[in-house]
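Colleague: 3D model of this:
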Amino acid sequence: MNDSKGNTNRSRRMCVTLTLSVVMGYVGLGCAAKNTDMLHFLRENEHRVSAIEYRVDVPDVIGISAPRILEIDGESQRIQPDGKINLRLLGEVKVVGMTAKEMAAKLEVLLSRYYAEPKVSVRVLSYQSKKFYVSGQSFAGPQPYTGRDTLIDAVIATSVDFRSWTSRVKVIRASHGEAPARTLTVNVDKMIKEGDWSANLLLEPNDVVLIPPTPLAWIARGVQQLIYPVWPVIDAYTTPAQIMNANDQYSDGSNGTISTRGRSRPAT
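Modeller: As a prediction, the model looks like this:
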């Protein structure tokens, strides 16, 4: 019995020791890695990011406002696979790749055949064509890209908790033309506490924001993954000893007695 308990405890200690060794190496490698220079990362696409305007694509949804033009006022249209919308009076209009202002200007030109000085405004109702991705301790999945999404927006979207290592948030950006893929690590905790928003970079389509688990959360997950496959074996090995050691009482159902460790006494 004691040998069984000792073996179980030794097995658990071995699992924890192995996991601690692995996680220390993981943390050490993460701290030793050099981060991409912040200024280089932010300025690499500054000419595009700083003046970025969202351009619609399939299957975004747009809304049209034109108070004096009843045929299209209040219309909402999903951009079809051919890049067009279909409006009363105007028929099919190609809008793919346009900004909201460009779409409004195009509609005003087309409507000028029927109305004097038409005024139209367009806005995007549903951003569906472009995504950025968030992977975290408590959340993982695509998020709609609006053209003004920041790192803080992505962190808030994950509903971070005490297991999230928000001082080591990584932004992984795919290559752009000849520019290589880059990874930036940002201390979001420090940024929020000190109020320094210079690192709250604008995201781009297909950016990946990775919020890793804290070292303790990583250890807990590792222990769980290590123990889970062998736990049925350990449990099967120790259960007979536990049964022998237990003072189980049961009714034999034949003579109205209850047996305890092989001794019988009258049932009450």
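
Colleague: all strands in the stretch 101-250 of the chain, in order from the N-terminus.
Modeller: With DSSP state E, counting those that start in this stretch, the ranges of strands along the stretch 101-250 of the chain come out as 121-126, 131-136, 140-144, 169-173, 182-186, 208-211, 249-251.

Colleague: In a markdown table: those, plus mean neighbour count.
Modeller: From N, CA and C alone the C-beta is placed, and that goes for glycine too. What follows is the strands of the stretch 101-250 of the chain, written out as a markdown table (neighbours: other C-beta atoms under 10 Å):
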| stretch | mean neighbour count |
| --- | --- |
| strand 121-126 | 16 |
| strand 131-136 | 19 |
| strand 140-144 | 14 |
| strand 169-173 | 20 |
| strand 182-186 | 18 |
| strand 208-211 | 20 |
| strand 249-251 | 10 |
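
Colleague: Reformat those as a markdown table; add distance to Asp82 and mean pLDDT.
Modeller: Below are the strands of the stretch 101-250 of the chain laid out as a markdown table (distance: least, C-beta to C-beta, whole Å; pLDDT from 0 to 100):
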| stretch | distance to Asp82 | mean pLDDT |
| --- | --- | --- |
| strand 121-126 | 19 | 96 |
| strand 131-136 | 22 | 88 |
| strand 140-144 | 22 | 86 |
| strand 169-173 | 31 | 91 |
| strand 182-186 | 35 | 89 |
| strand 208-211 | 31 | 90 |
| strand 249-251 | 76 | 47 |
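
Colleague: Any chance of JSON lines for those, columns distance to Glu71?
Modeller: JSON lines is the format used below for the strands of the stretch 101-250 of the chain (distance: least, C-beta to C-beta, whole Å):
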{"stretch": "strand 121-126", "distance to Glu71": "15"}
{"stretch": "strand 131-136", "distance to Glu71": "34"}
{"stretch": "strand 140-144", "distance to Glu71": "30"}
{"stretch": "strand 169-173", "distance to Glu71": "44"}
{"stretch": "strand 182-186", "distance to Glu71": "48"}
{"stretch": "strand 208-211", "distance to Glu71": "43"}
{"stretch": "strand 249-251", "distance to Glu71": "84"}
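
Colleague: for these, which one sits closest to Leu90?
Modeller: strand 121-126 (13.2 Å; C-beta to C-beta).

Colleague: which residues are contacting that closest one?
Modeller: With contact meaning C-beta atoms under 8 Å, 6 or more residues apart in numbering, strand 121-126 is reached by 54, 56, 60-66, 76, 78, 100-101, 103-104, 107, 144, 146.

Colleague: Okay, now the sheet partners of that strand, with direction.
Modeller: Take DSSP bridges as the rule and strand 121-126 pairs in its sheet with strand 61-65 (antiparallel).

Colleague: average pLDDT for the partner strand?
Modeller: Average pLDDT, strand 61-65: 97.
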